[in-house]
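*Asks:* Please find the sequence and the predicted model below.
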Amino acid sequence: MSPIKNVIQVGAAGNLGPAVLNALKANPDFNVTALSRKDSKNPPSGVNVVTADYSSHEDLVSALKGQDAVVSTVGATGLNDQIKLIDAAIEAGVKYFIPSEFGGDISNEKTRTLAVFRGKVAVREYLEKKSSEGKINYIIINNGPFFDWGLKVGFLGFNTAEKKATLYDGGSVPFSTTTLASTGKSVAVALSKPDVFKNRVLYIHSAVTTQRSLLGYFEKHTGVKWTIEEKSTADVEKETNAKLAQGDFSTIWKLIYRSLWGEGYGGKFENVNNEELGIKVLSEEEIEELVKGTL
Ligand SMILES: NC(=O)c1ccc[n+]([C@@H]2O[C@H](COP(=O)([O-])OP(=O)(O)OC[C@H]3O[C@@H](n4cnc5c(N)ncnc54)[C@H](OP(=O)(O)O)[C@@H]3O)[C@@H](O)[C@H]2O)c1
């Protein structure tokens, strides 16, 4: 049985939150609570929710008291708040912290320099420091882009309504991608064996695929050739950085494409921990079904 009993998830609604919450709740060993901002417009449901004023250290410490682990699935604008959460977790005596990474490989020297990852790099460095001082343990999950979510919302370059695809760097660059459910499962499994997984960066994927391979399935199941636009991730990076220099952050998320498909950015994970975490790799037939299911 896991030494972890009480788990609190921060930011449990949203895109990723429910998948992690469901996986945590599915383990009867865990007593799961969600922490939400006092002024949240969309607090999670189906779980005991506590709220706190994140600008108050005392409020956060009292919300985290008695918890064994904090799982953060806060969205982009909340990433910096995690430093306060880590400090509060340490004071509250929490032993494990899973930060809101859940994406590209920021251990990769090229990826970690992309502006979009600045917040995550700062949080990771802070956790590494606190863990080396023996104050808290971390577990980090890197899963690449969410596969089902990315296909559905167009993040992976496919516009199903208009049957248009944007292919990056030729569209044949293999990349690692993971479903929301498997990402959630990895969190719950890692917390079920904290002694095995503590202070490690874990890599998972549901598939290694390419945009062209996915496009093939989209064309097969829509029965038509799609309109293709080709882009280079180096150009995307240049354009985005030019906007950032003008104070325009509206397309900063596009830098993730550089980390996915740019050469040397580690978009395809070479060593994954799927087996240890019980994460399934999808067959080509299952990948095709996933694509078909988004139409
Ligand atoms: N790999 C991928 O393809 C991919 C895609 C999307 C996201 N992600 C990553 O997954 C993680 C979660 O992202 P998401 O899109 O699921 O998040 P999200 O839906 O934008 O937000 C999740 C929750 O975070 C809390 N939150 C939002 N803004 C906050 C703030 N300023 N301060 C504190 N808390 C705040 C909110 O909870 P309350 O209202 O309850 O406080 C919200 O429901 C992030 O690390 C993100 O980068 C990865």
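*Replies:* Here it is on my side, so go on. Numbers count the residues shown, from 1 in each chain.

*Asks:* isn't residue 253 right up against residue 115?
*Replies:* No: contact criterion C-beta atoms under 8 Å: residue 253 and residue 115 do not qualify, at 10.5 Å. C-beta coordinates here come from the backbone N, C-alpha and C atoms, glycine included.

*Asks:* Quick check: can you list the domain ranges of the protein?
*Replies:* Taking automatic domain parsing as the criterion, the chain consists of the domains 6-143+180-203, 147-176+206-293.

*Asks:* Next one: residue 93 from residue 109, what distance?
*Replies:* 35 Å (C-beta to C-beta, to the nearest Å).

*Asks:* again, but for residue 262
*Replies:* Counting by C-beta to C-beta - residue 262 and residue 109 are separated by 12 Å.

*Asks:* I'd like the mean pLDDT over the lengthiest helix in the chain, please.
*Replies:* Among the segments of the chain that qualify as a helix by DSSP state H, the longest is helix 118-132. Helix 118-132 shows a mean pLDDT of 98.

*Asks:* anything in that helix near the ligand?
*Replies:* No: for a cut-off given as C-beta under 6 Å from any ligand atom, helix 118-132 has no contacts with the ligand; the smallest distance is 6.9 Å.

*Asks:* Please spell out which residues along that helix are buried.
*Replies:* Going by neighbour count (16 or more other C-beta atoms under 10 Å), the buried part of helix 118-132 is 119, 120, 121, 123, 124, 126, 127, 130, 131.

*Asks:* Go through the domains of the chain and pick out the most buried.
*Replies:* domain 6-143+180-203 (a mean of 19; mean count of other C-beta atoms under 10 Å).

*Asks:* residues contacting the closest residue to the ligand within the stretch 151-295 of the chain?
*Replies:* Nearest to the ligand in the stretch 151-295 of the chain, going by C-beta to the nearest ligand atom, is residue 155, at a distance of 6.1 Å. Neighbour list for residue 155: 145, 146, 149 [criterion: C-beta atoms under 8 Å, 6 or more residues apart in numbering].

*Asks:* Provide the contact partners of the longest helix of the chain at residue level.
*Replies:* Helix 118-132 is touched from outside by 76, 79-80, 82-83, 86, 90, 97, 99-101, 103, 106, 112, 136-138, 140, 199, with contacts defined as C-beta under 8 Å, 6+ apart.

*Asks:* Close to the ligand as well: tell me which of these qualify.
*Replies:* 76, 100, 101, 103.

*Asks:* Between all of the residues you listed, which two are at the greatest distance?
*Replies:* 76 and 101 (11.9 Å; C-beta to C-beta).

*Asks:* which residue packs closest to residue 252, ignoring adjacent ones?
*Replies:* What sits nearest to residue 252 in space, not counting adjacent residues and going by C-beta to C-beta, 6 or more residues apart in numbering, is residue 116, at 5.0 Å.

*Asks:* could you list every residue that touches the one you found?
*Replies:* Shown in contact with residue 116 (C-beta under 8 Å, 6+ apart): 252, 253, 255, 256, 259.

*Asks:* secondary structure element for residue 215?
*Replies:* helix 211-222 (DSSP states H and E).

*Asks:* Kindly apply the preceding question to residue 86 instead.
*Replies:* Residue-wise, residue 86 maps onto helix 81-92 under DSSP H and E.

*Asks:* after that helix, next one along is what?
*Replies:* strand 96-98.

*Asks:* Run me through the strand neighbours of that next one, direction for each.
*Replies:* strand 69-72 (parallel), strand 137-142 (parallel) (DSSP bridges).

*Asks:* okay, those in JSON lines with mean pLDDT next?
*Replies:* Formatted as JSON lines, those follow (pLDDT from 0 to 100):
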{"stretch": "strand 69-72", "mean pLDDT": "98"}
{"stretch": "strand 137-142", "mean pLDDT": "98"}
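
*Asks:* quick one, helices of this structure?
*Replies:* Counting by DSSP H, the helices of the chain are 17-25, 57-64, 81-92, 118-132, 147-153, 180-192, 194-197, 211-222, 233-245, 255-261, 274-277, 284-293.
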